[in-house]
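Enquirer: Turn this into a structure:
(one chain, ligands or ions: 2)
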Amino acid sequence: MEKVTIFDHPLIHHKLSLVRNTATKTKEFRENVSEIASLMAYEITRDLEVKEIETQTPLTKTNTYILAEEVVIIPILRAGLGMVDGIHSLIPSAKIGHIGLYRDEETLQPELYYAKFPTTLPEAHVMIVDPMLATGGSAVRAIDILKERGATNISYVGIVGVKEGIDRINEHHPEVTIFLAALDDHLNEDGYIVPGLGDCGDRLFGTK
Ligand code: PRP
Ligand code: URA
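Expert: Ligands and ions are numbered 1, 2, ... in the order given. Down below sits the predicted model:
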């Protein structure tokens, strides 16, 4: 399992406990998913390149540092949308693209229904965000599409994943770095992550 980081941070553990809890209602669920994404982004962006610029303070000129590379956040719809605000609040200059994929309930194959990206994709640090990494089919399809559109520097940011999903990304796209808040035990016969947190899209948007 190369190029995988599983976060071990007290605040992420605490918020993950709340999102796993079946008693947590939509508002609190959405807030905690967003906050976990924000905490993860703070660590993930540690290695972004910066460039030096001259800045006029109220007292004098001085040299300061700003981000040198553009960040593009790509949520996989729907559930990925729950992670966007938390990351965007830290990187307001980031552009946002969208990939619409849903898993066919019978075959578990991802079906594409939407794709729209900023033109800066080829030069940008691209962060795919989706809370659930199950079979890995959606993640691999999203990465395939982004590469076809010219993206070269891609990371995958999820909240809960299983080994099967990690292995699938590694097999198809070994250069993609994977970040997760938790590595769960297994997938059940319906393709749900166990212990997991249920259907993330439905819990975020109150659709069940
Ligand atoms: C969920 C989740 C991922 C996908 C993961 O989306 O948000 O995109 O399943 O499963 P996989 O790793 O086996 O591909 P879903 O298809 O339920 O769509 P939704 O977000 O619109 O509910
Ligand atoms: N998608 C979800 O929303 N939950 C799972 O457990 C697996 C895929």
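Enquirer: residue at max distance from the center of the protein?
Expert: The outermost residue of the chain, judged against the average C-alpha position, is residue 59 (40.7 Å), by Cα atoms, centre = their mean.
Enquirer: Which parts of the protein are helices?
Expert: 10-20, 26-44, 81-88, 137-148, 163-172, 200-205 (DSSP state H).
Enquirer: Can you check which of these gets nearest to ligand 2?
Expert: Closest to ligand 2 of those, according to Cβ to the nearest ligand atom: helix 200-205, at 3.8 Å. The way it works is simple: take the backbone N, C-alpha and C, and place the C-beta from them, glycine included.
Enquirer: In terms of secondary structure, what does the closest one contact?
Expert: helix 26-44, helix 81-88 (3 or more Cβ pairs under 8 Å, 6 or more residues apart in numbering; DSSP states H and E).
Enquirer: same thing but at 10 Å, please
Expert: Here helix 200-205 touches helix 10-20, helix 26-44, helix 81-88, going by 3 or more Cβ pairs under 10 Å, 6 or more residues apart in numbering; DSSP states H and E.
Enquirer: Residue numbers of this protein in contact with ligand 1?
Expert: 76-79, 101-103, 108, 110, 130-139, 165, 191, 200-201 (Cβ under 6 Å from any ligand atom).
Enquirer: Would you mind checking those for buried ones?
Expert: 76-79, 101, 103, 110, 130-139, 165, 200-201 (16 or more other Cβ atoms under 10 Å).
Enquirer: ok, which of these also contact ligand 2?
Expert: Within these, those near ligand 2 by Cβ under 6 Å from any ligand atom are 79, 132, 134, 200, 201.
Enquirer: Between these, which sits nearest ligand 1?
Expert: residue 201 (2.5 Å).
Enquirer: quick one: residue 8 from residue 40, how far?
Expert: 12 Å (Cβ to Cβ, to the nearest Å).
Enquirer: More neighbours: which of those two?
Expert: More crowded of residue 8 and residue 40, by other Cβ atoms under 10 Å: residue 40, with 25 against 9.
Enquirer: ok, the more buried one touching residue 178?
Expert: No. With contact defined as Cβ atoms under 10 Å, residue 40 does not count as touching residue 178 (11.6 Å).
Enquirer: Common neighbours of the two, please.
Expert: With contacts defined as Cβ atoms under 10 Å, 6 or more residues apart in numbering, the residues shared by residue 40 and residue 178 are 5, 157, 158.
Enquirer: Could you pick out the buried ones from the residues you listed?
Expert: 157, 158.
Enquirer: which among the shared contacts of residue 40 and residue 178 gets closest to residue 46?
Expert: residue 5 (10.9 Å; Cβ to Cβ).
Enquirer: show me the contacts for the closest residue to that closest one other than its chain neighbours.
Expert: Counting by Cβ to Cβ, 6 or more residues apart in numbering, residue 5 lies nearest to residue 179, which is 5.0 Å off, once chain neighbours are set aside. Counting by Cβ under 10 Å, 6+ apart, residue 179 touches 3-7, 40-41, 43-44, 127, 129, 155-159, 161.
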